[in-house]
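Asks: Take this sequence and fold it.
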Amino acid sequence: MGDAADPWKRHRLLKRIGLVSVAFLFLVFAPAASGRVDMRSHGFWILTLSWMLFVIVMLILTHELKCPRCGQRFYAKGADFWQMTKTCLHCGQQKYSDVSAAPKPVNGGR
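Replies: Numbers count the residues shown, from 1 in each chain. This next block holds a predicted model:
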């Protein structure tokens, strides 16, 4: 399977999708902010609602990403959810580092 070669494949894919979507957001909504697009139009509201749905889906997918080392949710532990963490909230695995390296002590990941 492809994940065996790169255990961080899903993490990188979601990061790239997020970056491309932010660029798309600026390209689409910048004309609206400048007043060149009628923000009361049906198309604008469809686009806005689609964007909100996309953000919710991305949050759910990010929340469910597993740590390649311990297999638990990388960004979530109990009620805590921190998308900006650089370490697994369970085992302390550094994001994008070698999975076979010795784990560091968990300090909350922040």
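Asks: Which strand or helix spans the most centrally placed residue in the chain?
Replies: Centroid-nearest residue in the chain, with CA atoms, centre = their mean: Thr62, separated by 4.6 Å. According to DSSP states H and E, Thr62 maps onto helix 42-63.
Asks: for the top helix by length along the chain, the distance to its chain's centre please.
Replies: What stands out as the longest helix in the chain, according to DSSP state H, is helix 9-33. Offset of helix 9-33 from its chain centre (CA atoms, centre = their mean, to the nearest Å): 11 Å.
Asks: Counting by contacts, list what that helix packs against.
Replies: When contacts are defined as 3 or more CB pairs under 8 Å, 6 or more residues apart in numbering; DSSP states H and E, helix 9-33 packs onto helix 2-5, helix 42-63. No exception for glycine: its C-beta is placed from N, CA and C like everyone else's.
Asks: Now tabulate the ones you listed in CSV and tack on distance to Lys86 and mean pLDDT.
Replies: Converted to CSV, the helices and strands packed on helix 9-33 look like this (distance: least, CB to CB, whole Å; pLDDT from 0 to 100):
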stretch, distance to Lys86, mean pLDDT
helix 2-5, 21, 61
helix 42-63, 14, 89
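Asks: And these: which comes nearest Leu14?
Replies: With CB to CB as the measure, helix 42-63 is the member of those nearest Leu14 (5.9 Å).
Asks: Buried residues, that closest one. List them.
Replies: For helix 42-63, the neighbour count (16 or more other CB atoms under 10 Å) marks Thr62 as buried.
Asks: Just the residues contacting that helix, thanks.
Replies: 14, 17-18, 21, 25, 28, 32, 37-38, 73, 75-76, 81, 83 (CB atoms under 8 Å, 6 or more residues apart in numbering).
Asks: Between those, identify the one with the most neighbours.
Replies: Within the contacts of helix 42-63, most neighbours by other CB atoms under 10 Å means Tyr75, with 22 neighbours.
Asks: Name all residues that make contact with that one.
Replies: By CB under 8 Å, 6+ apart, Tyr75 lies in contact with 62-63, 65, 81-83, 85, 89.
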